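Undergrad: using only what follows, build the 3D model:
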Amino acid sequence: MTNWEFVELGDVCNIIGGGTPSKDNAAFYRGSIPWATVRDMKSEMIISTEFKISEEALANSSTNLIPRGSVVIATRVGLGKVCFLQYDTAINQDLKAVIPRDPNKLDARYLFWWLRSMSFVFVAAGTGLTVHGVKLPFVKSLAFPFPSLPEQQRIVAILDEAFDGLAIATANTEKNLKNARELFEGYLNNLFSQVASQHEVQQLESLSTKITKGSSPKWQGIDYVSEPGILFVTSENVGENEILLDQPKYVQEAFNAKDSKSILRRGDVLTNIVGASIGRTAVFDRDDNANINQAVCLIRCDERLLDSNYLSFLLNSPKFKEFLHDNEVDNARANLSLGFFRKLQIPVPKLDTQKSIVVEIEKMLEKIVRLEILFDQKLAAIAELKQSLLQKA
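TA: Okay, here's the model as predicted:
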């Protein structure tokens, strides 16, 4: 970096904050001036905003109108995010505009790339009990590498070209990841369509020894506790064909005595019956002392007639999930009843055939998971390469 000068960012840029017009004055939010928050920082350029404000709001609040083409950085919520403004835009208090004092000496795009490279510095410096942020003096005091304008433009050209290529690589990888998932969904649909055409259907109630749901600890006068206790499974713990316990919850052991009908056993099929995750199904594959809440339906298969994994894959197939959603009852929050599941008609091959189908599906799923891991690793490598390029630049 021969002949590079380092200066404080505040010496070469004006750093302007924002604010929020009073939400008590509805007229403030019926104007035509874009007003940006971190929620609008969805890509490199803010081209539209969730809210627009009036001239009166601009004049009667601490927000500021930032010229189009300026760089803004999140210094509180969304700490470290960086964007350009496509239009003249007002900003809230979580954002700062960083505007070159002399555009003939400082390229705005060079400034943008440098701020992108410093995002980890902003995150590391964040303070606050609930929301981490950095203050104006910190931003102004940052040591800013200030080469000549031609050198800035040379760096910008290199980074623009490199990041355009990485954007294409990212889009292709994300498409491949989506295709892998759609391939598995299509496989399940085709497989179960064949099963349905070749085998009779029966009511789930006749194939199960129990169909029930849990209850709320609050209703039972039970408290949540730290481990040990009763593992408490809710809808967020029921993924597609897997139990998700990254953040397990526990309740007092008295819960099982008060709601013994929904104590879990290994092999129970759990399916979500309330909210956005309706139909998401998994087999409980653990030996924990566990129970469920009212948003989860427990289906205990008759082992002589119905394989738990077969049922889980069936309920997770796209066409079956679509059927479940079509039968939702929406009384403020979508839900399915236990009665619906008891009367649910499903195709039932012989038990040996069910187990063979499960083996086939698991082999296919293993291939898909390997592809997903590969694509996720590629996306992580691209993200790492982006940061490395910024640092080297």
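Undergrad: alpha carbons only for contacts and neighbour counts from here, please
TA: Fine.
Undergrad: and Ile66, what are its phi and psi?
TA: phi -100, psi 130 (degrees, to the nearest 10).
Undergrad: specify the beta-bridge partners of it.
TA: Note on Ile66: beta-bridge partners by DSSP bridges are Thr89.
Undergrad: go ahead and confirm it touches Ala97.
TA: Yes: counting by Cα atoms under 8 Å, Ala97 is a contact partner of Ile66 at 7.0 Å.
Undergrad: between those two, which one's more packed in?
TA: Ala97 (26 against 23; other Cα atoms under 10 Å).
Undergrad: in what helix or strand does the more buried one lie?
TA: Using DSSP states H and E, Ala97 maps to strand 95-100.
Undergrad: so what does that strand touch, helix or strand wise?
TA: Under the contact criterion of 3 or more Cα pairs under 8 Å, 6 or more residues apart in numbering; DSSP states H and E, strand 95-100 touches strand 13-16, strand 71-74.
Undergrad: quick one: average confidence on the helix or strand just after it?
TA: Next in sequence after strand 95-100, counting helices and strands by DSSP H and E, comes helix 108-117. Confidence for helix 108-117, expressed as mean pLDDT, is 93.
Undergrad: what's the answer for stretch 145-165, then?
TA: Stretch 145-165 comes out at a mean pLDDT of 89.
Undergrad: quick revisit: quick one: the strand holding Ala97 to helix 108-117, angle?
TA: Angle, strand 95-100 to helix 108-117, by axes from the mean of the first three to the mean of the last three Cα atoms, to 10 degrees: 140 degrees.
Undergrad: ok, back up a step: so which of the helices and strands packed on strand 95-100 gets nearest Arg101?
TA: Between Arg101 and the helices and strands packed on strand 95-100, the shortest gap by Cα to Cα is with strand 13-16, which sits at 5.1 Å.
Undergrad: parallel or antiparallel, which strands does the closest one pair with?
TA: strand 95-100 (antiparallel).
Undergrad: residues contacting the strand it pairs with, please?
TA: 12-18, 37-38, 66, 70-76, 106-108 (Cα atoms under 8 Å, 6 or more residues apart in numbering).
Undergrad: still on that earlier bit, and the helices and strands packed on strand 95-100: which comes nearest Leu385?
TA: Across the helices and strands packed on strand 95-100, closest to Leu385 is strand 71-74 (Cα to Cα), at 21.7 Å.
Undergrad: run through who's touching the closest one.
TA: Under the criterion Cα under 8 Å, 6+ apart, residues 38, 79-85, 94-99, 108, 111-112, 115 lie in contact with strand 71-74.
Undergrad: where is the longest helix in the protein?
TA: helix 149-198 (DSSP state H).
Undergrad: packing partners of that helix?
TA: So helix 149-198, by 3+ Cα pairs under 8 Å, 6+ apart, packs with helix 108-117, helix 308-316, helix 318-326, strand 345-347, helix 351-392.
Undergrad: relative to helix 351-392, how tilted is it?
TA: 180 degrees.
Undergrad: how far away from the center of its chain is the helix or strand just after helix 149-198?
TA: The helix or strand immediately downstream of helix 149-198 is strand 201-203, counting by DSSP H and E. Relative to the centre of its chain, strand 201-203 is centred 37 Å away, using Cα atoms, centre = their mean, to the nearest Å.
Undergrad: what strands flank strand 201-203, and is each parallel or antiparallel?
TA: strand 345-347 (antiparallel).
Undergrad: so how far is the strand it pairs with from its chain's centroid?
TA: 33 Å.
Undergrad: cool, and stretch 54-67?
TA: 33 Å.
Undergrad: the bottom helix or strand of this protein by mean pLDDT?
TA: strand 329-330 (a mean of 66; mean pLDDT, DSSP states H and E).
Undergrad: if we can go back for a sec, the helices and strands packed on helix 149-198: which one's closest to Thr234?
TA: Nearest of the helices and strands packed on helix 149-198 (Cα to Cα): helix 308-316, 16.9 Å.
Undergrad: pull the closest one out as PDB, backbone CA atoms only.
TA: Taking C-alpha atoms only, helix 308-316 is exported to PDB below (Å, rounded to 0.1, in the frame of the first residue of the first chain):
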ATOM      1  CA  SER A 308     -44.100 -45.200  11.700                       C
ATOM      2  CA  ASN A 309     -41.500 -44.100   9.200                       C
ATOM      3  CA  TYR A 310     -43.900 -45.000   6.300                       C
ATOM      4  CA  LEU A 311     -46.600 -42.700   7.800                       C
ATOM      5  CA  SER A 312     -44.100 -39.900   8.500                       C
ATOM      6  CA  PHE A 313     -42.800 -39.900   4.900                       C
ATOM      7  CA  LEU A 314     -46.400 -40.100   3.600                       C
ATOM      8  CA  LEU A 315     -47.600 -37.100   5.700                       C
ATOM      9  CA  ASN A 316     -44.500 -35.100   4.600                       C
END
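Undergrad: show me what it is packed up against.
TA: helix 149-198, strand 269-272, strand 281-283, helix 351-392.
Undergrad: and it with helix 318-326, angle?
TA: Going by the same axes, to 10 degrees, helix 308-316 makes 70 degrees with helix 318-326.
Undergrad: helix 308-316: which residues count as buried?
TA: 308-316 (16 or more other Cα atoms under 10 Å).
Undergrad: and the furthest pair within those residues?
TA: Largest pairwise distance in the buried residues of helix 308-316, by Cα to Cα, is 12.4 Å, between Ser308 and Asn316.
Undergrad: what sits in contact with each of these two?
TA: Joint contacts of Ser308 and Asn316 (Cα under 8 Å, 6+ apart) do not exist.
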